[in-house]
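Q: following is a predicted model, sequence given first.
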Amino acid sequence: MQSNSASARASNMSNNTYVLSGSPQKGGRRRAAEPYLPKIITTVGQRPACLVNASVTYVGKDLIYAFGGFDQYTDEVYNHVLKLNLNARQWSLVDNYGDIPGVRMGHTACLWGNKLLVYGGENEHRIHLSDVVIFDVDTAHWTQPEINGPIPRGRARHSAVIHDDKLFVCGGMSGSENGVLDDICFLDLKTWTWTRTWRFVPRYDHHMWIWSGKIWISGGMGEEMERTSEVWWLDFRGMPAFEGSPSYGAAGAEGALSGTSTPYSSNYGSTVYAANSSTVQSNSATQIQRTPPVAPGAISSVKFISSPNLPTQGVGSHFHVFSSGCMLDFVTPASNMPLETSLSALDLDTLRWQKLADGKDLFAPAYRWHYCCLDSDGTHAWLLGCPREMRGGGNGDAEEYLSDVLPIDLRKFGLLGNKLSQDASNSEKIPTSDTYASSHLSAIGADLARTFNQPPETGSGIDFTVTALGDTDYADLDTISEYSSSPSASASTTTSNHSRPIYVHRLILSARWPHFSRLYAAQMSEFHTSRMHIPEPYPAVKAFLYYLYTDSITSPPTSSSSSSLSSAATSHPETELLSSGPSLEDVANLLVLSNIYDMPRLRHLCVNRLVRDLDVQHAALIFDRASTAQEEWLKRRAANFCLTHWGRIVRTEGFRRLKRSAMFELCEGVDPEGRVVGGEELEAVGGLGGARLGSGMCWGGSGRKRGRVGSEGQATADGEDVDEGDGDGDDEGMEIS
């Protein structure tokens, strides 16, 4: 009987061993996927005007809600609620009830369960509001809670985020002169009590999120009214002022005199106008004016001066959002002038920029985008906008409606989403076993890891063994691929290539590995012999089985995220995988296994890790494995990295081990007009100073003799005496305060 898996094949069976082919050339691989190109959706129905400073929020169930905003053509401010059904591609005006708020723009609307929490904004009289109103998405009913504590200054174009049942508010503009605010405070949603305000950073039109115990601020404009490339963060871990509930009572009544809860009052006159309700909170000029203290906790910032992948903030329309431990920057065209558009990511652990996609692969030049919203998991984004010119050559205004939507699946670019983020899981879960609380793993995976690969004599209940290629038998992966793809390869021939056994539990393999479950149900030879051979490198097979136990391929936070390429050919002590996690080469081979056995979640984890840790030593290897696994996006990323750092790549062990066909394919990625540019010629045009000369340019290191390939072409050829570091250049010019 044959396995019904389309992604694993059986070779000849003898000696009670079932050989799984690892060939990338035969039909065992999944068909190559088409390059991911998001498709624009054109909507119908009651499409809203291209409103300015409205709130646009994804609320789940394929629904987007828009509220308020300013119509730049009619000079009218709205309080309409509109709903976009993404499945039906239709806008509709929502009939809403209850304590309907007044018109406003520049407010924020945060999703809180099945409710939208609307705060602040500016009404039609240019009065800045500080009220809180709640819209129930299910019932279309508005309510207004009774608020306690010192009301913060009314504001618009601020940022707000909900975390741990607290609504954090930061910055914005206020007063008749639109002064820029630099304060931060939060509203406890359990007691509906405002805290006092603290000084943080002056910003408006910015984005804020909370991650890893820090409040992050990016984008927007400062007091100089210029876009900034700075990222600020406030570490509030261990700070009672942020982690505890604000007190209200005597301090709330007398705080104006004692200073314990003095609001950050306005200098711009009275703001007592109530938009559409007598209960709207606003500020009074009679409040005592004091300079608030600096926010408790460590405040840091980083300013990016230059980097090969740094998006220029001064041009284009930028949408900053947070997902998977990264700040994403959608750089979209703002006018008809040509500019470099992209989707870039700032890893908040390393503060390194990466370009995930070129703009031409995402944004059609005939469209402008006005709003961006994400789902709660950070795996999907939607850009809302309109064509630059009316369809059909009409005479109407091209920006009259928010008529088009660009849905983007961020998982296609290696992003895990917030739920799968290792840092998110570490902060939200603890191991179930108190005796293993120091593990970097979470939940039951921390306990199962202790039973992985324990010899039978330890009483671990092991009832199955798996072998892989021997430690010294897979240095030439090209030979292995040719061997394992041969129909005449027999198990007796592979016996000499077997590694030492890996001890596992067949119950866990059956529950976590669909292919194994099918083999066992079909009562193949593994059912009778309780052993299996997988002709793939031993470290990768071991990491694969370890993933089945722990659902993780992430190294512990205290260990190195990758090891050198040659380390995979050395023996692995039984505890090494538990203590250091799989190396980057192991993960690249895991990606191939995920393709063989058609395991999408493992594939997703591998792509995320490989694109995050892509470096000079492993780039050629990742290119080869991505090609084998038919991961086209990762393959292009690795190829671009190789061509950009060509001089260093060709000196790595990974490049020397490339199959002949893969080496030719990588070299053919060079532009036909590309040529090697000597160091002196490149330096004459500023190419060695860190400036951006071309998309494929690789900058000189500290070597005395440097050669590059100027693009026209992308490939480069370093001269001699070049440092063998990873050469990213991402940290050049970065200032940290």
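A: Looks like it arrived, so ask away.

Q: ok, residue 364 - contacts?
A: Contacts for residue 364 were tallied using CB atoms under 8 Å, 6 or more residues apart in numbering; they are residue 40. All C-beta atoms are positioned from the backbone trio N, CA, C, and that covers glycine.

Q: count of neighbours near residue 57?
A: Counted with other CB atoms under 10 Å, residues neighbouring residue 57 total 21.

Q: that one and residue 373 touch, don't they?
A: Yes: between residue 57 and residue 373 there is a contact under CB atoms under 8 Å: 5.8 Å.

Q: what residues are shared contacts of these two?
A: By CB under 8 Å, 6+ apart, residue 57 and residue 373 have these common neighbours: residue 64.

Q: which residue sits closest to residue 86, ignoring its sequence neighbours?
A: Counting by CB to CB, 6 or more residues apart in numbering, residue 86 lies nearest to residue 62, which is 4.2 Å off, once chain neighbours are set aside.

Q: what is residue 44 paired to in the beta sheet?
A: residue 90 (DSSP bridges).

Q: do the one 5 residues further on as well
A: Counting by DSSP bridges, residue 49 is bridged to residue 401.

Q: residues contacting it?
A: Residue 49 sits in contact with 71, 73, 74, 400, 401, 402, where contact means CB under 8 Å, 6+ apart.

Q: can you check residue 329 too?
A: Contact analysis of residue 329 by CB under 8 Å, 6+ apart lists 219, 311, 318, 319, 320, 342, 343, 344, 345, 346.

Q: switch the cut-off to 6 Å
A: 311, 318, 320, 344 (CB atoms under 6 Å, 6 or more residues apart in numbering).

Q: now swap in residue 655 and tell me
A: Contact analysis of residue 655 by CB under 6 Å, 6+ apart lists 620, 649.

Q: could you look up the SS state of it?
A: What DSSP: H, G, I helix; E, B strand; the rest coil gives for residue 655 is helix.

Q: what's the spacing between it and residue 642?
A: Distance of residue 655 to residue 642, given as CB to CB, to the nearest Å: 8 Å.

Q: coming back round to it: tell me the one of the contacts of residue 49 nearest residue 307?
A: residue 402 (33.5 Å; CB to CB).

Q: quick check, the closest one in contact with residue 382.
A: No: applying CB atoms under 6 Å, one finds residue 402 not in contact with residue 382, separated by 11.1 Å.

Q: domain ranges for the protein, per the record?
A: Domain assignment of the chain by automatic domain parsing yields the ranges 9-43+426-613, 96-304, 615-737.

Q: after the lowest-mean-pLDDT helix or strand in the chain, which helix or strand is next?
A: When each helix and strand of the chain is scored by mean pLDDT, DSSP states H and E, helix 250-258 comes last, with a mean of 31. Later in the chain than helix 250-258, the nearest helix or strand by DSSP states H and E is strand 298-304.

Q: buried residues, that next one. List them.
A: By 16 or more other CB atoms under 10 Å, the buried positions in strand 298-304 come out as 299, 304.

Q: beyond it, next helix or strand please.
A: Next along the chain after strand 298-304, taking DSSP H and E as the criterion, comes strand 317-323.

Q: what sits closest to residue 106 if chain neighbours are left out?
A: Distances taken as CB to CB, 6+ apart place residue 156 nearest to residue 106, at 3.0 Å, with adjacent residues excluded.

Q: residues contacting that neighbour?
A: By CB under 6 Å, 6+ apart, the neighbours of residue 156 are 106, 121, 122, 128, 172, 173.

Q: the fourth one against residue 152, yeah?
A: Put plainly, it is residue 128. No: between residue 128 and residue 152 there is no contact under CB under 6 Å: 10.6 Å.

Q: state the pLDDT value of the residue nearest to residue 86.
A: Looking at residue 62, its pLDDT reads 94.

Q: phi and psi next, for it.
A: According to degrees, to the nearest 10, the main-chain angles of residue 62 amount to phi 60, psi 40.

Q: immediately after whichever strand or helix holds residue 186, which helix or strand?
A: Using DSSP H and E, residue 186 sits within strand 183-188. Next along the chain after strand 183-188, taking DSSP H and E as the criterion, comes strand 193-194.

Q: now do that following strand: everything it contacts.
A: Strand 193-194 has contacts (CB under 6 Å, 6+ apart) with 148, 149, 150, 187, 246, 248.

Q: can we see that at 7 Å?
A: With CB atoms under 7 Å, 6 or more residues apart in numbering as the test, strand 193-194 has contacts from 147, 148, 149, 150, 151, 152, 185, 187, 246, 248.

Q: quick revisit: lowest-confidence member of the contacts of residue 329, which is it?
A: Within the contacts of residue 329, residue 311 has the lowest pLDDT, namely 86.

Q: who's in contact with that one?
A: By CB under 7 Å, 6+ apart, the contact list for residue 311 reads 329, 331, 342, 344.

Q: what residues are up against the last one?
A: Contacts for residue 344 were tallied using CB under 7 Å, 6+ apart; they are 309, 311, 329, 331, 353, 354, 355, 356.

Q: and what of the third one?
A: By CB under 7 Å, 6+ apart, the contact set of residue 342 is 311, 331, 355, 357, 358, 359.
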